[in-house]
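In: Give me a model of this one.
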Amino acid sequence: MLGEGSLLDKIKSTAFERLEIVPSEVDLCGLDVELARSENHLFRVALSLKPILESGRFDVILIDCPPSLGILTLNAFAASDGLLVPLQCEYYSLEGISMMNRVLNQLRDAGVNPRLDIFGVVMTMFDSRTKLSNEVVSEVRNLLGARVFETVIPRSTRLAEAPSFGKPIIHYDKYSAGAAAYELLAQEVLTRLEPA
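Out: Below is the predicted model of the structure:
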């Protein structure tokens, strides 16, 4: 992102068919400061992605962002067509959605990325036994309507364990409720990605 190489050279294969990644680096910790002092500081991710987009190798590119609105996240917003927002079933998450909507509007209004919108919101850590989870899902659906995916991701020990084994849930425990939920979510995402 500082113009010292190509993102294409950083792409790594994975053990999973049709999935490639650009792994994070420790150097990203200091990048906020470097980017803030650079020219076109909100467009560095977009510029880095340009050769990848032009290569035509990928159908979908996902940028995983930290749960903050720092300069790296704002760069990802400036480069994206839409946001896929995981939202925990807790009330503080509702405040996060309001703040994110304000930032999206500011980026659109300032001309940074006029096409940016919420692609979808996925409710996570859902516990059907609690009134809180059900109320938060209901409130988010009232607020964002069809942008909220029908599939909710349950709170699950197996889901929490999978990353520590370096596996996605469908390879760690493919018969778990979490795996089934993510498969349903993947179908919903694919349906939304289909051209109208």
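In: least trustworthy helix or strand in the protein by mean pLDDT?
Out: Sorted by mean pLDDT, DSSP states H and E, the helices and strands of the chain end with helix 31-36, the least confident at a mean of 75.
In: If you average the pLDDT over the longest helix along the chain, what comes out?
Out: Ranked by number of residues, the top helix in the chain under DSSP state H is helix 91-109. Average pLDDT, helix 91-109: 89.
In: Going toward the C-terminus from that helix, what's the next helix or strand?
Out: Using DSSP states H and E, the next helix or strand after helix 91-109 towards the C-terminus is strand 117-126.
In: just to revisit the earlier point, packing partners for the least confident helix or strand of the chain?
Out: helix 71-79 (3 or more Cβ pairs under 8 Å, 6 or more residues apart in numbering; DSSP states H and E). C-beta: built from backbone N, CA, C; applies to glycine.
In: residues making contact with the helix it packs on?
Out: Helix 71-79 is contacted from outside by 1, 28, 31-32, 35-36, 41-46, 49, 63, 65-66, 83, 103-104, 107, 112-113, 116, using Cβ atoms under 8 Å, 6 or more residues apart in numbering.
In: Just the buried subset of those residues, please.
Out: For the contacts of helix 71-79, a burial check counting by 16 or more other Cβ atoms under 10 Å picks out 1, 31-32, 35, 41-46, 49, 63, 65, 83, 104, 107, 112-113, 116.
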